[in-house]
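J.: coords please:
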Amino acid sequence: MPDSDIYQPDNIFARILRDELPAHKVFEDEVALAFLDVMPQADGHTLVIPKLAVRGVLDMPPNAWGPYMARVQKVSAAVKKGMEAEGLSLRQFEGAAGGQTVFHLHFHILPRWAGVALRRHGDAMEKDETLKANAAKIRAAF
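T.: Coordinates of the predicted model:
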């Protein structure tokens, strides 16, 4: 297996899991952690990561999918309710060629509203006060 395919424990999400970096957390249990994306494509853009050290879909143990996806579903419901969204987009990118930029498995939960386009990811950091307010809305929806 090439080095580029090996899980790197210093990736930003692993560091968030170890509380080495701050995050606007909305959910955490023994299986997963969910927090807001700091460069959101939509208000309330949330990431759900497994606590297992896995790079992507192909590395996740089959028996871990059920518990992890149950958390993705639970967080999705809270994001939709908390952000008063009309719908959701869920996204997962696999490998650099597939658009993955942080090599720790994660799903993006994007609240959606009719007629509101998604922003480009990576264009700008969201204001901390906006992230705090959106995180509070989502946490209150559980």
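J.: Quick one: the helices in this protein, in order.
T.: 12-17, 62-82, 128-140 (DSSP state H).
J.: Adding mean neighbour count and mean pLDDT, write those helices out as a markdown table.
T.: Every C-beta, even on glycine, is put in place using the N, C-alpha and C of the backbone. Listed next are those as a markdown table, based on neighbours: other CB atoms under 10 Å; pLDDT from 0 to 100:
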| stretch | mean neighbour count | mean pLDDT |
| --- | --- | --- |
| helix 12-17 | 18 | 98 |
| helix 62-82 | 16 | 98 |
| helix 128-140 | 16 | 98 |
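J.: Serialize those to JSON lines and add fields for distance to Gly56.
T.: As requested, the helices of the chain are arranged in JSON lines below (distance: least, CB to CB, whole Å):
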{"stretch": "helix 12-17", "distance to Gly56": "12"}
{"stretch": "helix 62-82", "distance to Gly56": "13"}
{"stretch": "helix 128-140", "distance to Gly56": "25"}
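J.: Could you export stretch 121-130 as PDB, CA atoms only?
T.: Presented in PDB, the C-alpha positions along stretch 121-130 are these (Å, rounded to 0.1, in the frame of the first residue of the first chain):
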ATOM      1  CA  HIS A 121     -16.100  25.500  -0.300                       C
ATOM      2  CA  GLY A 122     -12.900  27.100   0.900                       C
ATOM      3  CA  ASP A 123     -13.700  30.600  -0.300                       C
ATOM      4  CA  ALA A 124     -13.900  32.100   3.200                       C
ATOM      5  CA  MET A 125     -13.800  31.300   6.900                       C
ATOM      6  CA  GLU A 126     -17.100  31.900   8.600                       C
ATOM      7  CA  LYS A 127     -17.300  34.300  11.500                       C
ATOM      8  CA  ASP A 128     -16.900  32.600  14.900                       C
ATOM      9  CA  GLU A 129     -20.100  34.200  16.200                       C
ATOM     10  CA  THR A 130     -22.100  32.800  13.300                       C
END
